[in-house]
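Next one to model:
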Amino acid sequence: MSGHSKWAGIKHKKAVVDAQRGKAFSKVVREITVAAKQGGGSPDANPRLRLAMAKARDVNLPKDKIEQAIKKGLGELPGVSYEEMVIEGYGPGGVAILVEALTDNRNRSSAELRNVFSKHGGNLAGAGSVSWLFQKKGSILVKASLIEEDRLMTIGLEAGAEDIRLEGDLFAVITTPHEFETVKQALATQQLTWESADLAMVPSSSVRVDDPHTAKQLLTLLDALEDHDDVQHVSANFDIPDAILAEHAA
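Prediction:
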């Protein structure tokens with residue numbers, strides 16, 4: 001997983017920057033709408049909605065937009081109906097890629113995402129081809145400069161974290177989805193801030209990509225998938241050296 005958490009941190013910062021141009025707003029609005037439709041409009045009783053609202057605050061989505069999205073999900077306001085879809089495929093270097101999307105037109109989204117894969121050296125795979133490699137986990141990234149590893153271990157594991165890994169200049173605190181909020185709260189109680197905190201599809205194994213050209217092609221594909229309006233999450237099982245990731249981010 002070396003380098004993978006750094007990529008997650010880069011994605012989070014990019015979403016915040018994109019929000020300055022309003023680009024990230026539509027993604028969080030869709031997520032809030034679907035979360036409210038599936039689990040109700042109370043964030044206290046709906047963990048998915050609570051997480052979506054936290055993301056909305058991260059990108060400075062206005063409060064009235066959040067409330068409108070919840071009302072659309074509850075059917076109190078008219079709005080587009082979105083359905084969830086998962087696209088599986090492979091990228092350059094044989095890296096497995098899992099794409100989670102919310103769409104109002106499955107056929108359109110499938111065709112557009114297939115084109116993104118093929119344009120950047122990837123290809124689609126059948127349902128179940130790569131999803132078995134991933135498990136949903138809570139992932140909280142904390143700058144290593146903020147806390148000693150032993151102290152973070154004590155706080156995290158006592159709160160229910162599964163694992164804590166040092167990856168470059170970040171600690172990755174891994175939890176089950178059920179314990180995610182509890183661990184976040186434990187870190188917040190200690191006045192610890194995080195680079196990102198999200199439920200993510202974490203791979204059980206990784207593919208090493210050392211060749212700079214292949215790595216750049218892969219990262220360009222992942223960026224293009226992330227930029228698609230319908231895409232909410234992109235997960236991949238790559239292991240790319242930090243230096244290549246840093247160069248790409250720059």
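
ok but Thr218 is inside a helix, no?
Wrong residue type there; residue 218 is Leu, not Thr. Yes. Looking at Leu218 with DSSP: H, G, I helix; E, B strand; the rest coil, it is inside a helix.

List the residues that contact it.
Gly91, Pro92, Gly93, Val95, Gly121, Val209, Ala236, Phe238, Ile240 (Cβ atoms under 8 Å, 6 or more residues apart in numbering). Placement of C-beta: from N, CA and C, glycine included.

Please flag which of these sit within strands.
Within the contacts of Leu218, membership in strands is found for Gly91, Val95, Ala236, Phe238, as judged by DSSP state E.

how close does the third one get to Gly40?
Think Ala236. As judged by Cβ to Cβ, to the nearest Å, Ala236 and Gly40 stand 32 Å apart.

Looking at these two, which one has more neighbours?
Ala236 (28 against 15; other Cβ atoms under 10 Å).

Report the separation between that one and Val209.
Distance of Ala236 to Val209, given as Cβ to Cβ: 10 Å.

Quickly list what's touching both of these two.
If you check Ala236 and Val209 against Cβ under 8 Å, 6+ apart, the residues they both contact are Val95, Leu218.

what stretches of this structure score poorly on pLDDT?
The chain contains residues with pLDDT under 70 at 1-23.

State the helix or strand in which the residue in it sticking out farthest from the centre lies.
Most distant residue from the mean C-alpha position of the chain: Glu76, 28.7 Å away (Cα atoms, centre = their mean). Using DSSP states H and E, Glu76 maps to neither a helix nor a strand.

Quick check: it vs Arg151, distance?
46 Å.

One more: Leu51?
26 Å.

Which one of the two is surrounded by more residues?
Leu51 (22 against 11).

thinking that one is in contact with Asp198, fair?
Yes. Between Leu51 and Asp198 there is a contact at 7.3 Å, judged by Cβ atoms under 8 Å.

Can you get me a residue count around Glu100?
15.

which residues touch it?
Glu100 sits in contact with Glu84, Met85, Val86, Met201, Val231, Gln232, His233, Val234, Ser235, where contact means Cβ under 8 Å, 6+ apart.

which element is it on?
strand 95-103.

about what we covered before: select only the buried ones of the contacts of Leu218 in PyMOL?
Only the buried entries of these go into this PyMOL selection, using 16 or more other Cβ atoms under 10 Å:
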select buried, resi 91+92+93+95+209+236+238+240
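
which one of the contacts of Leu218 sits closest to Ala186?
Closest approach between those and Ala186, by Cβ to Cβ: Ala236, at 29.1 Å.

which residues pair with the closest one across the strands?
Assessed by DSSP bridges, Ala236 has beta-bridge partners Ile97.

residues in contact with it?
Gly91, Val95, Ala96, Ile97, Leu98, Pro203, Leu218, Leu222.

Go again with 10 Å.
4, 7, 89-91, 95-99, 130, 133-134, 201, 203, 206-207, 209, 218-219, 221-222, 225 (Cβ atoms under 10 Å, 6 or more residues apart in numbering).

Any figure for the gap between it and Leu166?
In terms of Cβ to Cβ, Ala236 sits 21 Å off from Leu166.

again, but for Leu133
In terms of Cβ to Cβ, Leu133 sits 23 Å off from Leu166.

of those two, who's got more company?
Between Leu133 and Leu166, Leu133 has the larger neighbour count (other Cβ under 10 Å), namely 19 against 13.

and the closest residue to Leu221 other than its chain neighbours, what are its phi and psi?
Counting by Cβ to Cβ, 6 or more residues apart in numbering, Leu221 lies nearest to His120, which is 3.6 Å off, once chain neighbours are set aside. Note on His120: its backbone torsions stand at phi -120, psi 30 [degrees, to the nearest 10].

Touching, His120 and Gln217? I think so.
Yes. His120 is in contact with Gln217 according to Cβ atoms under 10 Å; the separation is 6.5 Å.
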